[in-house]
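K.L.:
when you get a sec, could you give me coordinates for this:
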Amino acid sequence: MQVKMFEVKGMHCEGCVQNVRKALQAVPGVIDVQLSLTPAQAIISMEDDLSFSRLQEAVSQSGHYTLLEIKEQTEAKSVEKPSFFKKWFSHKKSCCQ
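P.N.:
Here you go, the predicted model:
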């Protein structure tokens, strides 16, 4: 078993989080999925032989999402979104409705 951390691009709301979670949990070999919206990250426990391409395929088929592997723990720090990004999304409807 291995545990890897990924940045998840394209998640904007809790509906997106649920879409990504369901997609990843459906991949054979995925043992556990922990997701957060802020920061947009996934911690995935999986079988050793599970490829990144299988995970990426599942996530991209569930919506406009992309996984980026975080190589080191120091990279896992929260990345603050620019204030214009927050303001733009705070006035929009959920992207998943």
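
K.L.:
and Gln25, what does it touch?
P.N.:
Residues counted as contacts of Gln25 (Cβ atoms under 8 Å, 6 or more residues apart in numbering) are Val33. Quick note: C-beta positions are derived from backbone N, CA and C, even for glycine.

K.L.:
and the gap between it and Lys71?
P.N.:
In this structure, Gln25 lies at 24 Å from Lys71, with Cβ to Cβ, to the nearest Å as the measure.

K.L.:
what's the answer for Ile31, then?
P.N.:
Here Ile31 is placed at a distance of 21 Å from Lys71 (Cβ to Cβ).

K.L.:
list the buried residues for the longest helix seen in the chain?
P.N.:
Selection of the longest helix in the chain by residue count, based on DSSP state H, yields helix 14-25. Under the neighbour-count criterion of 16 or more other Cβ atoms under 10 Å, helix 14-25 has Cys16, Val17, Asn19, Val20, Ala23, Leu24 buried.

K.L.:
what's next to the host helix or strand of Met5, contact-wise?
P.N.:
With secondary structure defined by DSSP states H and E, Met5 is part of strand 2-9. When contacts are taken as Cβ under 8 Å, 6+ apart, the neighbours of strand 2-9 outside the stretch itself are 20, 35, 39-48, 55, 59, 65-70, 73, 76, 79.

K.L.:
cutoff 10 Å now
P.N.:
16-17, 20, 24, 31-32, 34-37, 39-50, 52, 55-56, 59, 64-73, 75-76, 79 (Cβ atoms under 10 Å, 6 or more residues apart in numbering).

K.L.:
what bits of this structure have low per-residue confidence?
P.N.:
Counting by pLDDT under 70, the ranges of the chain that qualify are 72-97.

K.L.:
now the helices for this protein?
P.N.:
For the chain, the helices identified by DSSP H occupy 14-25, 52-61, 83-90, in order along the chain.

K.L.:
output those in CSV, with distance to Val3 appended to each entry.
P.N.:
Conversion of those to CSV gives the following (distance: least, Cβ to Cβ, whole Å):
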stretch, distance to Val3
helix 14-25, 13
helix 52-61, 13
helix 83-90, 29
